[in-house]
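Participant: predicted coordinates and the sequence they were generated for:
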Amino acid sequence: MNPYTTVLFYSTMFLGTMMVLSSSHWLLAWVGLEMNMFAVLPLMAQNHHPRALEATLKYFIIQALAAMMLLFASTSNAWLSGQWNIQHMTHPIPLALVTIALSLKLGLAPVHSWYPEIMQGLNLKMGLILSTWQKLAPLILFLQIPSEHSFLYVLLGLTSTLIGGWGGLNQTQLRKMLAYSSIAHMGWTVLIMQYSPYLAFLTFFFYVIITTPLFMTFYYLNTTMISSLSASWTKIPLLTSIAPLIILSLGGLPPLTGFLPKWMIIFELTKQGLLLVATVAALSTLLSLFFYLRLSYVMALTIPPNNLPSTLPWRLPPMRAPLLMAVLTVLSLLLLPLLPTIIAFLPA
């Protein structure tokens, strides 16, 4: 793709998300979502591979359906209550429709089945954008709408954490495994959203910090399957030795950074009296931690059965990880001592 065209699409994608973040009117937010979607479609299909084209078409259909539901719900709310403001959606039927539409855009369970299939058809770079940046605009709308359906939020969050952990157990493809990991983390974010919006945004922020170096690690190792990770030590040994720690941090294992948001969410749910919800959410983490440990085991403790092909990557020129990846890797491992400072800045 032409570099100028690429910059145009990325700029439009950024502008669409910023429009959603800065708007309080449903029509402007819908326009921002549409700009974001139509800018990312050519970037997804730029490889001209049948799987990429199939994933792009599926993504367009799902996002168009969610946008149609969002527009119908906002129009119905304006007709019933006379309000176009996002924070003044008071009627229960449009509010439920908006919640379902935003859940579809975020890939929350039980409307999640499109997300792993689309991730499988994309490269790791576009998979990272789909898992991080593309979730920011729907998440901001989720934070702005009134949280009157508290039971629905808890149900979506718990279902997503369970499905995200359960669905990743039997996967052999890294992109599908990362997709189910994203579903589980979005479940944690939605679970705490109605009780502490600041903590929900902080959870998403930590997820982006941790999952970005993991995507970049697999991108620089040029691998998309678990079976090929055993030969990764011949490509970038230092990166391969640090990657298991990033994976365990994504699973929420102390004393790494990923433990911080999960511990704060469980603490907040306990303060709200939701002991059963906190217990189920904590147990669902064990499901995710199982396949994270499997990834760590393959990378750190196994070697390929035939050593001859595994020595071939030494003949290739070594790739140097960029500075951004180094900074994010340090942050994904060593932010836990800042917990008292983070709690001090959160509103009571």
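Facilitator: That came through, no problem. Numbering: from 1, shown residues only.

Participant: check which element follows the lengthiest helix in the chain along the chain.
Facilitator: Longest helix of the chain, by residue count under DSSP state H: helix 50-81. For helix 50-81, the following helix or strand on the C-terminal side (DSSP states H and E) is helix 92-106.

Participant: so what does the next helix or strand after that next one touch, helix or strand wise?
Facilitator: Counting by DSSP H and E, the next helix or strand C-terminal to helix 92-106 is helix 114-121. On a contact count with 3 or more C-beta pairs under 8 Å, 6 or more residues apart in numbering; DSSP states H and E, helix 114-121 meets helix 50-81, helix 124-131, helix 174-193. Backbone N, C-alpha and C define where each C-beta goes, glycine included.

Participant: buried set for the longest helix of the chain?
Facilitator: 52, 55-56, 59-60, 62-63, 66-67, 69-71, 73-74, 76-78 (16 or more other C-beta atoms under 10 Å).

Participant: and stretch 30-48, by the same measure?
Facilitator: Neighbour counts over stretch 30-48 (16+ other C-beta under 10 Å) mark 30, 32-37, 39-41, 43-47 as buried.

Participant: what mean pLDDT does it have?
Facilitator: For stretch 30-48, mean pLDDT rounds to 90.

Participant: numbering from 530 from now on, please.
Facilitator: That works, and once the first residue is 530, the last one we named lands at stretch 559-577.

Participant: what about that stretch, distance to the chain center?
Facilitator: Centroid displacement of stretch 559-577 relative to its chain, using C-alpha atoms, centre = their mean, to the nearest Å, is 18 Å.

Participant: run through who's touching it.
Facilitator: Stretch 559-577 is touched from outside by 530, 534-535, 538-539, 541-542, 544-549, 552, 581-582, 584-585, 588-589, 592-593, 596, 599-600, 603, 634, 651-652, 655, 658-659, 663, 666-667, with contacts defined as C-beta atoms under 8 Å, 6 or more residues apart in numbering.

Participant: CA-only coordinates of that stretch in PDB, if you can.
Facilitator: C-alpha atoms of stretch 559-577 as PDB (Å, rounded to 0.1, in the frame of the first residue of the first chain):
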ATOM      1  CA  TRP A 559     -22.000   7.200  15.500                       C
ATOM      2  CA  VAL A 560     -20.200   9.100  12.800                       C
ATOM      3  CA  GLY A 561     -16.900   8.700  14.700                       C
ATOM      4  CA  LEU A 562     -17.400   4.900  15.000                       C
ATOM      5  CA  GLU A 563     -18.200   4.700  11.200                       C
ATOM      6  CA  MET A 564     -15.100   6.700  10.400                       C
ATOM      7  CA  ASN A 565     -13.000   4.400  12.500                       C
ATOM      8  CA  MET A 566     -14.500   1.300  10.900                       C
ATOM      9  CA  PHE A 567     -14.200   2.400   7.300                       C
ATOM     10  CA  ALA A 568     -10.600   3.500   7.900                       C
ATOM     11  CA  VAL A 569      -9.500   0.100   9.400                       C
ATOM     12  CA  LEU A 570     -11.100  -2.000   6.700                       C
ATOM     13  CA  PRO A 571      -8.500  -1.300   3.900                       C
ATOM     14  CA  LEU A 572      -5.700  -1.800   6.500                       C
ATOM     15  CA  MET A 573      -7.100  -5.300   7.300                       C
ATOM     16  CA  ALA A 574      -7.400  -6.200   3.600                       C
ATOM     17  CA  GLN A 575      -4.100  -4.900   2.400                       C
ATOM     18  CA  ASN A 576      -2.400  -8.300   2.300                       C
ATOM     19  CA  HIS A 577      -4.800  -9.500  -0.400                       C
END
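
Participant: where does T786 land in three-state SS?
Facilitator: coil (DSSP: H, G, I helix; E, B strand; the rest coil).

Participant: find the residue closest to it in space, skipping its chain neighbours.
Facilitator: L864 (4.1 Å; C-beta to C-beta, 6 or more residues apart in numbering).

Participant: check W643 too.
Facilitator: I591 is the one closest to W643 (C-beta to C-beta, 6+ apart), at 4.8 Å.

Participant: ok, now which ones touch that neighbour?
Facilitator: Applying C-beta under 8 Å, 6+ apart, one finds that I591 lies in contact with 633, 643, 647.

Participant: hmm, back to that, now the helices and strands packed on helix 643-650 in CSV, with distance to I775?
Facilitator: Formatted as CSV, these follow (distance: least, C-beta to C-beta, whole Å):
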stretch, distance to I775
helix 579-610, 25
helix 653-660, 14
helix 703-722, 12
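
Participant: which of the ones you listed sits closest to M854?
Facilitator: Closest to M854 of the helices and strands packed on helix 643-650 is helix 653-660 (C-beta to C-beta; 11.5 Å).

Participant: low-confidence regions, the protein specifically.
Facilitator: For the chain, the stretches with pLDDT under 70 are 677-678, 833-850, 877.

Participant: ok, 80 please
Facilitator: Applying pLDDT under 80 to the chain picks out residues 530, 611, 619, 675-679, 759-766, 830-852, 867-877.

Participant: would you map out the domains in it?
Facilitator: 530-675, 678-877 (automatic domain parsing).

Participant: may I have the distance across the first one, first residue to last?
Facilitator: This stretch, domain 530-675, spans 42 Å end to end (C-alpha to C-alpha, to the nearest Å).

Participant: next one: it to chain centre, how far?
Facilitator: 13 Å.

Participant: cool, and the longest one?
Facilitator: With C-alpha atoms, centre = their mean as the basis, the distance from the averaged C-alpha position of domain 678-877 to the chain average is 10 Å.
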